[in-house]
Structures are given as C-alpha cells and as structure tokens.
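Visitor: got a predicted structure here, sequence first:
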Amino acid sequence: MAKVQSEVSADKLALFDKLVATFPEVQLKGATVPYTSLNGHMFSYLSKTGTLALRLPEGVRESFLKKYKARLCEQYGVVQKEYVEVPDALLRNTSALSKYFALSLAHVGALKPKSASKNESGDTHATSNAQAMPRGQR
C-alpha cells in the first residue's frame with residue numbers, strides 16, 4: 001500500500017517539525033495534514049496551503065491577532081474561532097513561536113480529556129486513528 005504524502009511544501013513541514021521538536025513531549029501526527037494533539041484535543045496543524053494554525057486561549061489569541069496582524073483560521077468556509085493563522089515570518093522564528101506553542105499546549109492540557117471511543121473493529125482510540133510519524137519520515 002502506498003503511503004499518502006502531505007501536500008504541504010517540504011520547507012513549511014520542516015519548520016513545523018523544528019517547532020514541534022522543541023517540545024519532546026509532543027508528537028507530530030497526520031500523514032496528509034500534519035497536526036499535534038493532547039488528550040484528544042488538536043492544538044496545531046499545518047493546512048494543505050501551508051499555513052500553520054495554532055489554538056490559543058482567548059486573551060492570548062486576541063493579543064496575538066493584534067501583535068502579528070494575523071487572523072482567525074478559516075477552513076472550508078468555516079471560521080475556527082480558537083485558531084489563529086501564524087504569519088510565515090513567525091513560523092520561521094522558532095524561538096519566538098515556541099512561546100505561543102507552549103501556551104497552546106498548556107491551553108489544551110487544561111481541557112477535560114476526550115474519551116476514547118471504539119471503531120468498527122473494536123479497537124480503542126482517541127478521536128483520531130492517525131499514527132504519529134517518526135521524526136525522520138516527515
């Protein structure tokens with residue numbers, strides 16, 4: 001069976017991977033849409049267009065939008081009210097972006113974990129059946 005490749009540019013994927021690697025407790029998941037999650041809650045993803053979306057708590061989100069002249073994410077015509085689009089310049093600045101990634105991780109860490117569910121074959125999984133990608137295979 002052929003592996004599904006991400007449509008995201010290799011450069012953007014490498015920048016996202018570099019950011020995630022600064023947090024050893026976090027794994028990059030998803031073959032076609034790379035993302036991170038904790039306790040069943042997704043908190044960042046790289047869209048098919050190569051835009052990094054970051055889930056931030058309300059106060060931080062508002063200041064981020066203002067500081068970086070950013071906007072809320074929109075996917076398939078739906079505004080994702082908790083996610084901001086990270087500007088490319090900030091994506092290239094891992095040290096500055098890691099502050100917001102840490103706040104995003106802490107935000108979802110404070111949420112009630114999503115319960116595991118069983119799929120049709122009876123396997124227990126969190127809300128996604130995507131496997132974590134080993135660091136060298138992204």
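Guide: Great, that's in hand.
Visitor: what's the longest strand in the protein?
Guide: In the chain, taking DSSP state E as the definition, the longest strand is strand 78-86.
Visitor: adjacent strands (with direction) for it?
Guide: Each strand that pairs with strand 78-86, with its direction, by DSSP bridges: strand 52-55 (antiparallel), strand 72-75 (antiparallel).
Visitor: output that strand as PDB, nothing but the C-alphas.
Guide: The C-alpha coordinates for strand 78-86 follow below in PDB (Å, rounded to 0.1, in the frame of the first residue of the first chain):
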ATOM      1  CA  VAL A  78     -15.900  27.900   8.500                       C
ATOM      2  CA  VAL A  79     -14.000  30.300  10.800                       C
ATOM      3  CA  GLN A  80     -12.200  28.300  13.500                       C
ATOM      4  CA  LYS A  81     -12.700  30.700  16.400                       C
ATOM      5  CA  GLU A  82      -9.900  29.300  18.700                       C
ATOM      6  CA  TYR A  83      -7.300  29.000  15.900                       C
ATOM      7  CA  VAL A  84      -5.000  31.800  14.600                       C
ATOM      8  CA  GLU A  85      -3.100  31.700  11.400                       C
ATOM      9  CA  VAL A  86       0.600  32.100  12.100                       C
END
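Visitor: check what contacts it and list those residues.
Guide: 51-56, 61, 64-65, 68, 70-74, 97, 100 (C-beta atoms under 8 Å, 6 or more residues apart in numbering). Where C-beta positions appear, they are placed from N, C-alpha and C, glycine not excepted.
Visitor: in the sheet, who's paired with residue 79?
Guide: residue 74.
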